[in-house]
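Undergrad: Quick check, what structure comes out for this input:
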Amino acid sequence: MIRVGGPSDPNATKIAVIGSSSDLRGRVFRVIDDMGAVVLTGHLKRAPRTARAPQTGPLPWRYAETADLSALTTPGNYRVRVGRMTSLPWQIYDGAAADLRDALLAFYPIANDGNEFSPVHGVSHLHDARLVTNDAMDIRNGQDFDLTGGWMDAGDPDKWVFTIGFATWALEAGARLEPSVTGLQSTADVGLRWLLKMHPPGSTLFVGQVGNASWERDNFGFRDPSTDDSNAEQEVNHRRAYETKRSDVAGKAAAALALASTLTTAEDEAQELAAAKEWYALGKTNATAASDPSCNDSEDTCTYDDSTWTDDMALAAAELYNATHTQSYLDDAYSYLADAGAYVGAGPDGYTTDPYAAAELCGALGGAAIGTTEQIGTACGDLSEDAGIAQSRMQNVFLRPSENDIATSCRNAAEGVIAAAATRNGNTEAETVAANARDYILGRNPWGLSFVVGFSAPSTQHPYHWLQEPSARDPIEEPNGWLVPGPTSLANFRSFGGNYTAAHGRFDTRFLGYADNHGLFHYNEGDVACQANGVLLAVLLDLAG
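TA: Next comes the predicted model:
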């Protein structure tokens, strides 16, 4: 099998992968254009290998080689031939990364909630939300707060500061990098407006979650969110809200709000900065990522549990220093970054944020480098090291899937952002890593599928989303532009009660599997944070040309 990526801009790195049962290293490959003319020839090279999980080899094949197409810079459609094998076309044209960015951005209005406009549903959840606490003596328990708006997180209608906070920050970072692309800031503003509501001014309340999707879905199934306000069930028409005291959540909210204060009007700046400082103070005071008191597994209020928090607080402190130039924030940023410890690879959904903090301090994401010469050198060195780890992990994901890999397209998007940021800081080797991340997502993977719905055929067609449920949508629709998590480890699949036998496909292995099946959230339910990493990766690739 030959796997190709793209669409790609003309000057981007373009490397195809050939998997086979025999060793093809050194064999000739040919590239043909739409007219069948040979435009490039070369010799296959052994695909890179890493020390991780060496026993698995280049699964699902016994051997894997690469063909470097980077010399092709003329726009067109190109196919790779090796022996009797011919690939799908690799598209090359100016603006390919911009098209990917815009396709990914187009998903966010689908996820809009409240009075935020959505092209696929009416106004929704206008009664959000009713606070629930575990303290019967808490006078706020049962009170209604205006927590409308924002984005529904995934295929379900929950809203989380954990993911919306990170997504808002990432979209704002993209807007700072490409200010002429107005859709980046206008999309980020939806998340920003909602984040400002999660901590009512002058209060001690910090809300981390709105809604309880698993309970709602188990009792009412997938449904059009615009019907919830008229639902007879009180916990659907007046959804629950849950307080948070977690430092990781606080750090993500503070980072988004602080960065926003440097990008918006003076009138908005004061409110955003005040909220950022208060979220940051909450995180610093509590100094924990432990589950909130309201966390209840039976009510699905424990999703997005994290084990670290200093990485998020490092990012928040960096953004607060950029906004205020207060020395204590800069000191905190470097102290928290050091406390975050060695980077071990990105998780999906914005779990691991220390590389983003290092990139901000290094000045690799559109802002100025901050700190002393020695401190900046440390941050930039951390970023370069993180990009090297990203390279190792992405090779592992494609050729050596480990037992613990989950949401590989989301991970690749995150690792790609880290590599692209390092490229901007002069790490030329990292550019290939960022391109490989894009191409894995867009089809250069064992399954040969693009994991962005409706972009770069063939793509995932059956994501885990309410638009795909006949009882909620007739006829069903595709949430185009949605970046689904893609292949996940079978260990993770089974941990959620997945039936591996029923889901097993041609390119699955004993380590990793994927099925384009609406009913399998393990593979096909993205979220707004994973999506934002995809957007930011596309922005960085667009700037690279």
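Undergrad: use CA for all of it now, contacts and neighbours both
TA: Noted.
Undergrad: how about the strands in the stretch 51-200 of the chain?
TA: Under the criterion DSSP state E, counting those that start in this stretch, strands of the stretch 51-200 of the chain are mapped to 63-68, 76-82, 85-86, 90-92, 130-132, 159-160.
Undergrad: Quick check: Val17 is in a strand.
TA: Yes: assignment of Val17 by DSSP: H, G, I helix; E, B strand; the rest coil places it within a strand.
Undergrad: what bridges to it?
TA: Under DSSP bridges, the beta-bridge partners of Val17 are Arg3, Thr66.
Undergrad: Please name the residues that touch it.
TA: By CA atoms under 8 Å, 6 or more residues apart in numbering, Val17 lies in contact with Ile2, Arg3, Val4, Ala47, Ala64, Glu65, Thr66, Ala67, Arg444.
Undergrad: before we move on, the earlier item: highest average neighbour count across the strands of the stretch 51-200 of the chain?
TA: strand 159-160 (a mean of 26; mean count of other CA atoms under 10 Å).
Undergrad: From the chain's centroid, how far away is it?
TA: Strand 159-160 sits 15 Å away from the centroid of its parent chain (CA atoms, centre = their mean, to the nearest Å).
Undergrad: now what about it, what contacts it?
TA: With contact meaning CA under 8 Å, 6+ apart, strand 159-160 is reached by Gly150, Trp151, Met152, Asp153, Gly208, Gln209, Val210, Gly211.
Undergrad: and what of stretch 265-274?
TA: Leu196, Leu257, Ala258, Ala260, Ser261, Thr262, Ala323.
Undergrad: quick one: which of those is most hemmed in?
TA: Greatest neighbour count in the contacts of stretch 265-274, by other CA atoms under 10 Å, goes to Leu257: 33 neighbours.
Undergrad: Let's verify that residue: helix, strand, or coil?
TA: helix.
Undergrad: Settle this for me: it is touching Ala276, isn't it.
TA: Yes: Leu257 is in contact with Ala276 according to CA atoms under 8 Å; the separation is 5.1 Å.
Undergrad: would TSV of the contacts of strand 159-160 with neighbour count and pLDDT be doable?
TA: TSV is the format used below for the contacts of strand 159-160 (neighbours: other CA atoms under 10 Å; pLDDT from 0 to 100):
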residue	neighbour count	pLDDT
Gly150	27	98
Trp151	26	98
Met152	24	96
Asp153	24	93
Gly208	25	94
Gln209	23	93
Val210	25	95
Gly211	27	91
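Undergrad: correct me, but Trp169 touches Ala255?
TA: Yes: contact status for Trp169 versus Ala255: in contact at 6.5 Å, counting by CA under 8 Å.
Undergrad: from the contacts of Val17, which is closest to Asp144?
TA: Nearest to Asp144 among the contacts of Val17: Arg444, at 48.4 Å, using CA to CA.
Undergrad: what about the stretch 251-400 of the chain, any weak spots by pLDDT?
TA: Applying pLDDT under 70 to the stretch 251-400 of the chain flags the ranges 266, 293-302, 342-350, 395-400.
Undergrad: Just give the nearest non-adjacent residue to Ile370, would you?
TA: Residue nearest to Ile370 in three dimensions, not counting chain neighbours: Leu361, with 5.3 Å by CA to CA, 6 or more residues apart in numbering.
Undergrad: Just give the number of residues close to Thr326.
TA: Quick note: Thr326 (other CA under 10 Å) scores 12 neighbours.
Undergrad: Return the distance of it relative to Leu337.
TA: Taking CA to CA, to the nearest Å as the measure, Thr326 falls 17 Å from Leu337.
Undergrad: List the beta-bridge partners for Ser513.
TA: Wrong residue type there; residue 513 is Gly, not Ser. With DSSP bridges as the rule, Gly513 is bridged to Thr488.
Undergrad: Run a quick neighbour tally on it.
TA: Neighbourhood size, Gly513 [other CA under 10 Å]: 26.
Undergrad: do Ile389 as well
TA: 18.
Undergrad: Just to check, the residue nearest to Ile370 is in contact with Gly371?
TA: Yes: using CA under 8 Å, Leu361 is in contact with Gly371, at 7.4 Å.
Undergrad: since we're on the residue nearest to Gly448 when sequence neighbours are not counted, how many residues are nearby?
TA: Nearest non-adjacent residue to Gly448, counting by CA to CA, 6+ apart: Arg3, 6.1 Å away. The tally of other residues near Arg3 (other CA under 10 Å) stands at 25.
Undergrad: cool, and the one 5 residues further on?
TA: Ser8 sits with 28 neighbouring residues when counted by other CA under 10 Å.
Undergrad: how near is the nearest residue to Met313 once chain neighbours are set aside to Ala323?
TA: Spatial nearest neighbour of Met313, excluding adjacent residues (CA to CA, 6+ apart): Gly251 at 4.6 Å. Using CA to CA, Gly251 is found at 15 Å from Ala323.
Undergrad: Could you pull up the residues touching the closest residue to Trp194 other than its chain neighbours?
TA: Nearest residue to Trp194 in three dimensions, chain neighbours excluded: Gly150, at 4.9 Å (CA to CA, 6+ apart). Applying CA under 8 Å, 6+ apart to Gly150 gives the contacts Asn112, Asp113, Gly114, Glu116, Lys159, Ile164, Val190, Gly191, Leu192, Arg193, Trp194, Leu195.
Undergrad: Please apply the same query to Leu537.
TA: By CA under 8 Å, 6+ apart, the contact list for Leu537 reads Ala413, Ala414, Gly416, Val417, Ala420, Ala434, Arg438.
Undergrad: Many thanks, have a good one.
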